[in-house]
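Q: need coordinates for the below:
(chains A and B)
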Amino acid sequence: MKYKFEGYEIEVRDNELLLNLGPQHPSTHGLCRLVVKLEGEKVKEIIPIIGYLHRGVEKICENRTYLQIIPITDRMDYLSAMNNNFAYVTAVEELLGVKVPERAEYLRVIAAELNRIASHLLFIATFGMDIGSFSAFMYGFRDREMILDLLEEMSGARMLYSYMRIGGVKRDVKKEFFDRCIKVLDKLEERLKDYERFFLENELFINRTKGIGILKPEDAIKLGVTGPNLRASGVKYDIRRVDPYSVYESIDFEVITDSGCDSYARFMVRFKEIKESIKIVRQAIKQIPEGDIMARVPKVIRPPEGEVYSRVESPRGELGVYIYSDGKSDKPYRIKFRVPSFANLSAFPHFNKGLLLADLIVSFASIDIVLGDIDR
Amino acid sequence: MNEEEIVKRLKDRFGDRIEAYVKRKRRIVVKIDRELIIDVSKFLFEELDFKFFSTITAVDFPDRFECIYHVSRHDGIMILLKARIPKNDPKIKSVTSIWPGADWHEREAYDLMGIIFEGHPNLKRIFLPEDFKGHPLRKDFKLQEASWF
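A: Coordinates of the predicted model:
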């Protein structure tokens, strides 16, 4: 029998079943619809259908001034808004040729890395939820709240920060902030030991995730996967190292890789990245100089004619911003966001055929997508 | 291989049919006509090791469309490969046979800018509904006021 939906036409035989997951399924992390063709419990075909959160961010940005775009970037990947801000402001700064004060760069790195920790903790929480462990959900959200408090102190908001400005950051932090920050990181490191006991010595967890959703390194590169998903396939590729931006060149950290290629490896990479991020924040606090937090930037930002592609390593992978300015207007002529989740989801149907349906959910949770990011 | 060597290799191979220059550290701009897209892409992928496909940006200029392919190497050098496309015939060959990761990015460019990628296995809208009229990122598509209930 032939089924038609959303422009797709799919042939289903008598022993097969077409199952619709979503758009409001709790395991889809937003509004993503997966149409799955099953034979028994085996998955034969996966068709992701996206666009339920499409707001036309790029078109909206063409009608806003450069400063007005910053809050819009928050609303793409709402779990790592700092990194979105970061990608956008570095792009505009390169276009303008502005040199950012060093203190502002360090504050940005601290903010971005704290945000990465928060995002990975949320991943651990929802990943635990998807494999049926509600305690993991409570653990992750409890500890994420500590980080969000710090970010709130920095920027005044819990999730949609708009903390970075073109040429610097919105405001400086107090001296005591760094002490509080170190205290929270110490506490978090203690808690991570609990996580290790909870996940890595847990036979149920290992059995549910080992060998599920194997993404070979050559396929991962070919399909455009980036971020922790790529590194979990053993490819050492981190934008912070290969295309360094801000002050990452003067910070010592390790690029975490894992040769497991499966859901367990993707979990492990993120888990270890939390520790690396803690290391980065500690170093940044040690190295941060006194000084200005804003460069001298004109009130009305009107960049000269030109183009720029600037990218950062967001918690989900390569986040790139392409801007073309025609030199006449204070609005970008064209702005394009290269978002990591979009490419990661596009690879998803290719490496999950043949899984059981219950394992598909595990694999889907392990690639850690955000639908606000994909649909824009 | 550094940026200058890559530009030199490209110029040796394609001569004056392409325009290539180093924009800054780790960024190279290459401008071509749409007929060359498959040849240049193959050369970049096979000979110069540009394996990482980031995205496609389609831009609507007053006199032409431009598709910008962002591809990079493992050492972080990125090429902005720009293909000119005439306004009255917005078609270009698909690069999905070289970089399979281009699949959804081409669908996005088709959906929002209306550029047709010939040879794409499954070219249909990706964000917008099937019956949507027009391509919103084109400059002649104006933003409308939200209507009140």
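Q: interface residues of chain B facing chain A?
A: By the criterion of CB under 8 Å from any CB of the partner chain, the positions of chain B lying close to chain A are B:26-27, B:51-55, B:57, B:59-60, B:68, B:70, B:72, B:74-76, B:78, B:80, B:99-105, B:108, B:112, B:124-130, B:136-137, B:141, B:143. The way it works is simple: take the backbone N, C-alpha and C, and place the C-beta from them, glycine included.
Q: among those, which are located in helices?
A: Residues of the residues of chain B next to chain A located in helices (DSSP state H): B:103-105, B:108, B:112.
Q: counting neighbours, which of those residues comes out on top?
A: B:H105 (27 neighbours; other CB atoms under 10 Å in any protein chain shown).
Q: and the nearest residue to that one once chain neighbours are set aside, how far is that from A:E93?
A: Computed as CB to CB, 6 or more residues apart in numbering or on different chains, the closest residue to B:H105 that is not its neighbour in sequence is B:I56, at 4.4 Å. For B:I56, the distance to A:E93 equals 25 Å [CB to CB, to the nearest Å].
Q: how about the residues of the stretch 251-376 of chain A by chain B?
A: Close to chain B, as judged by CB under 8 Å from any CB, the stretch 251-376 of chain A has residues A:307, A:309, A:311, A:318, A:320, A:322, A:324, A:333-334, A:336, A:338, A:342-343, A:345-347, A:350, A:375-376.
Q: sorry, back to before: filter the residues of chain B next to chain A to the buried ones?
A: Neighbour counting over these (16 or more other CB atoms under 10 Å in any protein chain shown) leaves B:26-27, B:51-55, B:57, B:59-60, B:68, B:70, B:72, B:76, B:78, B:80, B:99-105, B:108, B:112, B:125-128, B:136-137, B:141 as the buried ones.
Q: which helix or strand contains A:L185?
A: helix A:175-195 (DSSP states H and E).
Q: after that helix, next one along is what?
A: Sequence-wise, the next helix or strand downstream of helix A:175-195 (DSSP H and E) is helix A:203-209.
Q: hmm, who's touching stretch A:364-371?
A: By CB atoms under 8 Å, 6 or more residues apart in numbering or on different chains, the residues outside stretch A:364-371 that reach it are A:27-32, A:34, A:50, A:52-53, A:77-79, A:123, A:126-127, A:130-131, A:209, A:212-213, A:228-229, A:263, A:266-267, A:270, A:315-316, A:341, A:344-345, A:348, A:352.
Q: which SSE is the nearest residue to A:I69 once chain neighbours are set aside in?
A: The spatial neighbour of A:I69 that comes closest, neighbours along the chain excluded (CB to CB, 6+ apart), is A:C61 at 5.0 Å. With elements delineated by DSSP H and E, A:C61 resides in helix A:57-62, which encompasses its position.
Q: poorly predicted segments of the chain, please.
A: Chain wasn't specified; assuming chain A. Counting by pLDDT under 70, chain A contains low-confidence residues at A:25-28.
Q: give me the three-state assignment for the closest residue to chain B within it.
A: In chain A, no residue comes nearer to chain B than A:G224, which is 2.7 Å away by CB to the nearest CB. With DSSP: H, G, I helix; E, B strand; the rest coil as the basis, the three-state label of A:G224 is coil.
Q: nearest residue to it other than its sequence neighbours?
A: Among residues not flanking A:G224 along the chain, B:G101 sits closest, at 2.7 Å (CB to CB, 6+ apart).
Q: the one you found: what's it in contact with?
A: By CB under 8 Å, 6+ apart, the contact list for B:G101 reads A:222-225, A:343, A:346-347, B:53.
Q: again, 10 Å this time
A: Applying CB atoms under 10 Å, 6 or more residues apart in numbering or on different chains, we find B:G101 in contact with A:219-226, A:343, A:346-347, A:350, B:51-55, B:71, B:95.
Q: try A:T126
A: The contact partners of A:T126, taken as CB under 10 Å, 6+ apart, are A:26-27, A:29, A:79, A:136-137, A:140-141, A:365, A:368.
Q: can you rerun that using 8 Å?
A: Counting by CB under 8 Å, 6+ apart, A:T126 makes contact with A:29, A:137, A:140, A:365.
Q: which SSE is the last one in?
A: Translated: A:A365. Going by DSSP H and E, A:A365 is in helix A:357-366.
Q: and that helix, which residues are buried?
A: By neighbour count, and taking 16+ other CB under 10 Å as the criterion, the buried residues in helix A:357-366 are A:359-366.
Q: ok, stretch A:224-235 next?
A: With burial defined by 16+ other CB under 10 Å, the residues of stretch A:224-235 counted as buried are A:224-233, A:235.
Q: what of stretch A:125-134?
A: A:125-131, A:133.
Q: quick one: end-to-end distance for it.
A: Here the two ends of stretch A:125-134 are set 8 Å apart, with distance taken as CA to CA, to the nearest Å.
Q: ok, now stretch A:324-343?
A: 22 Å.
Q: for the helix holding A:C61, packing partners?
A: Contact partners of helix A:57-62 among helices and strands, from 3 or more CB pairs under 8 Å, 6 or more residues apart in numbering or on different chains; DSSP states H and E: helix A:70-74, strand A:334-338.
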